[in-house]
Every structure is written in C-alpha cells, then in structure tokens.
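Novice: Sequence and predicted structure below; questions after.
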Amino acid sequence: MRALVTGGAGFIGSHLIDALLDLGAEVFVIDDFSSGSEKFLNKKSVLEKVDIRDKEKVQKFFSFCKPDIVFHMAAQIDLRRSIENPEIDYEINVLGSKNIISSCLSCGVKKIIFSSSSAVYSGSVQLPCDEPSLLAPATQYGKSKLEIENYIKDIVSKSKIKATVLRYSNVYGPRQGAKGEGGVIAVFFKKAMSCEPLIIFGTGEQTRDFVFVKDVVQANLKAIESKADFRVYNISTSKETNILDLSYEILKISGKNCKIEHRDIVKGEVLRSCLENSLARNELGWKPEFSLEKGLFETFEYFKSS
C-alpha cells in the first residue's frame with residue numbers, strides 16, 4: 001500500500017504514519033510545519049515540505065508518489081486565528097483541501113480518508129449526537145470541515161474514488177500542542193508540571209468527549225477496509241467528562257497540588273459535547289480501547305520525559 005498523509009508531522013498524523021509504517025506501507029507526507037514538528041516525523045517516510053494551498057507543487061508530489069490512499073489531516077486548527085483571519089482559515093481548510101482532492105482525482109487515488117470534527121454539529125442537539133444529527137457549525141473551522149465533507153460526497157458521486165469521513169471528538173495524547181479541540185489536556189499537564197495554576201474558564205461544568213490519539217489512529221486503519229463508496233463515522237468514546245473533573249484527574253496523575261483558578265467563560269463556547277460512536281463500532285469494527293485514566297497516564301509519561 002502506498003499511503004499519503006497530509007499534515008503528517010502533526011499530532012495525529014505523526015502517530016498514524018508510525019502505525020502505517022509498522023504495517024509495511026510506503027508512506028509519503030505533505031506538511032509545511034506551520035503547526036507540526038519535524039521531530040515527530042518518522043524518518044522512514046518521504047516528506048514534501050509544501051503548503052496545501054500550492055496547487056502546482058501538491059500536484060507534482062502526487063504525480064511522483066502515486067498513492068493508493070490519502071489521509072487528509074492537514075488543517076488550520078487555531079480557533080483564535082480563525083476568528084481573527086477567516087480568509088486564511090478558508091484558504092487552508094477549504095481551498096487547500098480542494099487542491100488535495102483534485103490531485104487525488106487526477107492521480108488515480110482509490111480512497112480518501114478525511115479527518116473531520118465534532119465542530120460540524122449544532123450545539124443544541126441531544127447528546128450523544130449521532131451522524132444524522134443537525135449539522136449547524138458555529139465556528140469557521142466547523143463550517144470549513146462540513147464544506148469539505150459535502151464536497152467529497154459530491155466528488156464520490158461523480159467518480160470512481162471512495163471516501164470515509166471520520167468526525168473526531170476531542171483528541172488528546174502524546175505530541176499534542178495547546179491548539180486544537182483536545183488541547184486543554186496538554187495545557188493542563190504542562191501547567192501542572194511547572195506548578196502553575198490550572199485555568200478553567202467558567203465553572204468547569206462544561207463537558208467534552210475525550211478520545212485518545214491511538215484509538216483515533218486505529219479508526220483510520222479500520223477505515224481503509226471500508227467497502228462503502230462514502231460513509232461518515234463519529235470517532236469518540238460516547239462519554240462526557242467535565243473540565244473540573246479532568247483537572248482533578250490530571251493533578252492526581254501528575255502528583256501535583258497546583259491551584260485551580262476560574263476565569264470568565266469564553267463567549268460562544270459549547271457547554272456540552274459528546275458523540276455517539278455505535279455506527280463506527282458496528283460497521284468499522286472499531287471501538288475505543290483506552291479509558292480516560294489510561295490515556296491520561298500515557299500522556300503524562302510523554303510530557304514528563306519530553
């Protein structure tokens with residue numbers, strides 16, 4: 001198998017590349033290191049340092065590596081940047097993604113696996129929300145993910161390419177930075193280890209569905225075998241964890257006794273989030289293997305040694 005991973009030097013992408021190489025795949029990588037890190041990138045992969053907005057260079061690399069399957073993970077994930085500069089967000093997440101998809105079509109790629117997000121759902125749906133739930137993203141990031149989901153679905157209906165969309169809940173684990181939907185865990189561990197206060201915006205009663213990065217990687221590997229022309233799956237634990245309880249658990253695992261400070265809640269923040277994962281369980285044969293405690297411990301071990 002010849003696999004290409006966009007955003008392969010990033011948090012999730014670098015873990016996926018390790019797993020693909022372990023399976024014996026030839027792995028090619030597109031990354032511009034705007035958020036990823038070269039130290040995460042497995043040296044057995046073949047890297048092209050390029051911005052996905054550069055259509056000509058993207059096409060040239062696709063023609064060189066001729067992948068069978070493409071895992072499209074590259075994205076602008078910084079919410080603050082998205083708000084301050086929505087044009088850049090659109091250029092990367094929508095126009096850049098369309099460049100990737102165009103190259104998939106012209107180079108005979110058999111399948112696209114697209115990393116989407118819980119951000120595509122309305123904040124008012126009943127939890128845990130399943131795949132047919134109301135799609136009404138509140139952020140530019142969520143809107144861009146949904147636009148590309150729909151674009152891929154349309155492309156699949158007009159071509160021979162197949163696609164699987166994976167809507168992640170809040171992914172966390174080793175190599176994670178502070179940005180992104182599960183970044184609070186990385187922030188809390190770094191604060192705890194330097195004995196700084198853990199900052200919680202609001203009461204801490206807001207909830208998230210935290211899924212460990214290794215479980216997300218396994219979902220991507222399972223998606224390779226899916227025979228459906230186009231399918232969308234939630235990748236999650238289907239369990240809510242409130243941020244206050246999370247902070248206590250992180251302090252317990254790290255053995256620290258830091259203060260917890262509360263600040264004004266962030267305007268527009270989703271108060272509760274949780275995704276139903278039964279479709280992925282039933283059709284992909286996937287399920288999360290890591291409890292929150294086990295995943296947090298492995299994450300702590302990483303940050304402690306890095």
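Specialist: Everything's here; your move. Numbering: from 1, shown residues only.
Novice: quick one: what helix or strand has residue 228 in it?
Specialist: Taking DSSP states H and E as the definition, one finds residue 228 inside no helix or strand.
Novice: mind checking pLDDT for it?
Specialist: Reported pLDDT at residue 228 in the predicted model: 97.
Novice: same check, this time on residue 53
Specialist: You'll see residue 53 listed with a pLDDT of 98.
Novice: That one contacts residue 95, doesn't it?
Specialist: Yes: at 6.2 Å, residue 53 counts as touching residue 95 under the criterion of C-beta atoms under 8 Å. The C-beta positions use only the backbone N, C-alpha and C, and glycine is treated the same way.
Novice: neighbour-wise, which of these two wins?
Specialist: Using other C-beta atoms under 10 Å as the criterion, residue 53 and residue 95 rank with residue 53 on top: 16 against 13.
Novice: ok, the more buried one - contacts?
Specialist: Residues near residue 53 by C-beta atoms under 8 Å, 6 or more residues apart in numbering: 91, 92, 95, 96, 99.
Novice: Grab the nearest non-local neighbour of the first one.
Specialist: So the one you mean is residue 91. Using C-beta to C-beta, 6 or more residues apart in numbering and skipping the chain neighbours, the partner closest in space to residue 91 is residue 53 (5.7 Å).
Novice: any idea how far residue 103 is from the one you found?
Specialist: In this view, residue 53 and residue 103 are 13 Å apart by C-beta to C-beta, to the nearest Å.
Novice: cool, residue 130 as well?
Specialist: For residue 130 relative to residue 103 (C-beta to C-beta), the value is 32 Å.
Novice: out of these two, which sits in the busier spot?
Specialist: Each of residue 130 and residue 103 has its neighbours counted (other C-beta under 10 Å); residue 103 has more, 22 against 16.
Novice: right, and that one touches residue 58 too?
Specialist: Yes: at 5.4 Å, residue 103 counts as touching residue 58 under the criterion of C-beta under 8 Å.
Novice: Enumerate every residue touching the residue nearest to residue 230 when sequence neighbours are not counted.
Specialist: Nearest residue to residue 230, sequence neighbours excluded (C-beta to C-beta, 6+ apart): residue 156, at 4.4 Å. Neighbour list for residue 156: 162, 163, 229, 230 [criterion: C-beta under 8 Å, 6+ apart].
Novice: what's near enough to touch the third one?
Specialist: By C-beta under 8 Å, 6+ apart, the contact list for residue 229 reads 156, 162, 163.
Novice: go with 6 Å
Specialist: 156, 162 (C-beta atoms under 6 Å, 6 or more residues apart in numbering).
Novice: Repeat that for the last one.
Specialist: Taking C-beta under 6 Å, 6+ apart as the contact definition, residue 230 lies against 153, 156, 163.
Novice: confidence score at the second one?
Specialist: Residue 156 is assigned a predicted lDDT (pLDDT) of 98.
Novice: picking up where we left off before, three-state assignment of the residue nearest to residue 230?
Specialist: helix (DSSP: H, G, I helix; E, B strand; the rest coil).
Novice: If you count neighbours, what's buried in the lowest-mean-pLDDT helix or strand in the chain?
Specialist: One helix or strand of the chain scores below all others by mean pLDDT, DSSP states H and E: helix 79-84, with a mean of 76. Residues of helix 79-84 classed as buried by neighbour count (16 or more other C-beta atoms under 10 Å): 79, 81, 82.
Novice: who touches it?
Specialist: Residues contacting helix 79-84 (C-beta under 6 Å, 6+ apart): 89, 140, 141.
Novice: Make a markdown table out of those and add secondary structure and distance to residue 170.
Specialist: Listed next are the contacts of helix 79-84 as a markdown table, based on DSSP: H, G, I helix; E, B strand; the rest coil; distance: C-beta to C-beta, whole Å:
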| residue | secondary structure | distance to residue 170 |
| --- | --- | --- |
| 89 | helix | 20 |
| 140 | helix | 18 |
| 141 | helix | 13 |
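Novice: between the residues you listed, which is nearest residue 247?
Specialist: Nearest to residue 247, judged by C-beta to C-beta, of the contacts of helix 79-84 is residue 141 at 24.6 Å.
Novice: tally of neighbours for the closest one?
Specialist: As a burial measure, residue 141 scores 25 neighbours (other C-beta under 10 Å).
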